[in-house]
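Trainee: Sequence first, then the predicted structure, then my questions.
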Amino acid sequence: SLHHAPRLSLPGKLVFPSTHNSGHFSMLGLGDIVMPGLLLCFVMRYDAYKKAQAAKLAEQGIPLPSHWHRLSYFHCSLFGYFLGLITATISSEVFKAAQPALLYLVPFTLFPLLTMAWLKGDLKSMWSEPFVPTQPPKYQTI
């Protein structure tokens, strides 16, 4: 007998009623949630990496700058995502037409993140360091 994989019925979009026209809806696609969500996951991982790096420096007695922990990259990107969603919603209402949400979400999440990383001097390490694999030891002791 032939076995079929089970089908998953997942929502592909979120639908919200429009404020001006009854019977009209605004839609947010799954990609508008997943793609920025992947960026937020990366940024949260980078924040954890920087926190671990700070703990290593603290163990060695090296003081951190006072402004180091004020605003995390995650909070910066999450705020940008929120502003991007509001901008997409407002533009949809103003133009009375559907707008691709990623058109607003991408710049509103990336620009603050990259600007903050550049200002803190982390842009190069954000791009490469957390994903550099560590070299395993040549000989393993048992």
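Mentor: Okay, I see it. Small disclaimer: the values here were computed from a predicted structure and weren't measured.
Trainee: Leu14 versus the residue most central in space within the chain, what's the distance?
Mentor: Nearest to the mean C-alpha position of the chain, by C-alpha atoms, centre = their mean, lies Leu40 at 2.0 Å. Distance from Leu40 to Leu14, counting by C-beta to C-beta, to the nearest Å: 17 Å. In this view, the C-beta of every residue, glycine as well, is placed from N, C-alpha and C.
Trainee: hang on, the residue nearest to the centre of the chain packs against Phe79?
Mentor: No - proximity of Leu40 to Phe79 does not meet the contact threshold set by C-beta atoms under 8 Å, at 11.0 Å.
Trainee: Packing partners of the helix or strand encompassing Cys41?
Mentor: Cys41 belongs to helix 31-59 when assigned by DSSP states H and E. Packing partners of helix 31-59 (3 or more C-beta pairs under 8 Å, 6 or more residues apart in numbering; DSSP states H and E): helix 73-95, helix 102-120.
Trainee: Now the shortest one - C-alpha only, CSV.
Mentor: This points to helix 102-120. Below are the C-alpha coordinates for helix 102-120, written out as CSV (Å, rounded to 0.1, in the frame of the first residue of the first chain):
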residue,chain,number,x,y,z
LEU,A,102,7.8,43.8,3.1
LEU,A,103,8.3,47.0,1.1
TYR,A,104,8.0,48.8,4.4
LEU,A,105,9.2,46.0,6.8
VAL,A,106,12.6,45.4,5.2
PRO,A,107,13.9,49.0,5.4
PHE,A,108,12.3,49.7,8.8
THR,A,109,14.0,46.6,10.4
LEU,A,110,17.3,46.7,8.5
PHE,A,111,18.1,50.4,8.6
PRO,A,112,18.0,50.8,12.4
LEU,A,113,19.8,47.5,13.0
LEU,A,114,22.6,48.3,10.6
THR,A,115,22.9,51.9,11.8
MET,A,116,23.1,50.9,15.4
ALA,A,117,25.7,48.2,14.6
TRP,A,118,27.7,50.7,12.6
LEU,A,119,27.6,53.3,15.4
LYS,A,120,28.6,50.7,18.0
